[in-house]
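Chemist: Predicted coordinates and the sequence they were generated for:
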Amino acid sequence: MISKKMLDSLNNHLNEEVYSSYLYLSMAAYFEEKNLKGFGQWFKIQSQEEYMHGMKFYDFINQTGGKVNLKAIAAPKTNWKSIMEVFKDTLAHEKHITELINKLVGQAMQEKNYATNNFLQWFVTEQVEEEANVEEIINKLEMIGDNKGGLYMLDRELGARTTAG
């Protein structure tokens, strides 16, 4: 049986993952408006992936006999000054999610809730990948600088992403 405190924390995190999906969809819309369809595609898939992460929490809560408690989702940011700002915001958000996952793991370990700790280990690994992917794009953007040809190539590269996961 899962404690009420752990259940509340898992429900709060479910909301965070759905917010992440919403935020990345907003970023996709920003790029679509700028006619950077590849960047938009990358963020649409990122949005889908975050929604799937939320559903993993949804399923786990139900599987452990908990009650899913959905909360309001805050409106995400909709405008950025540059492509780099979008990706720096993305990295900051992923670091925030990593911090939340780590707190959940700490709570599960403190409560000796081994099932929840085991469930969360997938997310620990996933967050390493999430941060590394965004850092790689930031590094490419730094290399490209103001080179429109490089931006075009990166847009094409990111647009090749076809599935979440």
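Modeler: Happy to help now that I have it. Numbering: from 1, shown residues only.
Chemist: Break down this protein into its strands, ranges please.
Modeler: Ranges of strands within the chain: none, based on DSSP state E.
Chemist: Wait, residue 6 touches residue 115, no?
Modeler: No - contact criterion C-beta atoms under 8 Å: residue 6 and residue 115 do not qualify, at 10.1 Å. Yep, even glycine has a C-beta here, placed from its N, CA and C like the rest.
Chemist: Looking at these two, which is more packed in?
Modeler: Between residue 6 and residue 115, counting by other C-beta atoms under 10 Å, residue 6 is the more crowded of the two (20 against 12).
Chemist: For residue 116, see how far away the more buried one is.
Modeler: Distance from residue 6 to residue 116, counting by C-beta to C-beta, to the nearest Å: 6 Å.
Chemist: and for the two, which residues touch both?
Modeler: Common contacts of residue 6 and residue 116 (C-beta atoms under 8 Å, 6 or more residues apart in numbering): residue 108.
Chemist: where does the protein have low pLDDT?
Modeler: In the predicted model of the chain, residues 164-165 satisfy pLDDT under 70.
Chemist: those helices in it, which residues are they?
Modeler: 4-33, 37-63, 83-110, 114-144, 148-159 (DSSP state H).
Chemist: Could you export those as JSON lines, including distance to residue 76?
Modeler: Below are those laid out as JSON lines (distance: least, C-beta to C-beta, whole Å):
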{"stretch": "helix 4-33", "distance to residue 76": "4"}
{"stretch": "helix 37-63", "distance to residue 76": "10"}
{"stretch": "helix 83-110", "distance to residue 76": "10"}
{"stretch": "helix 114-144", "distance to residue 76": "16"}
{"stretch": "helix 148-159", "distance to residue 76": "20"}
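Chemist: No further questions, thank you.
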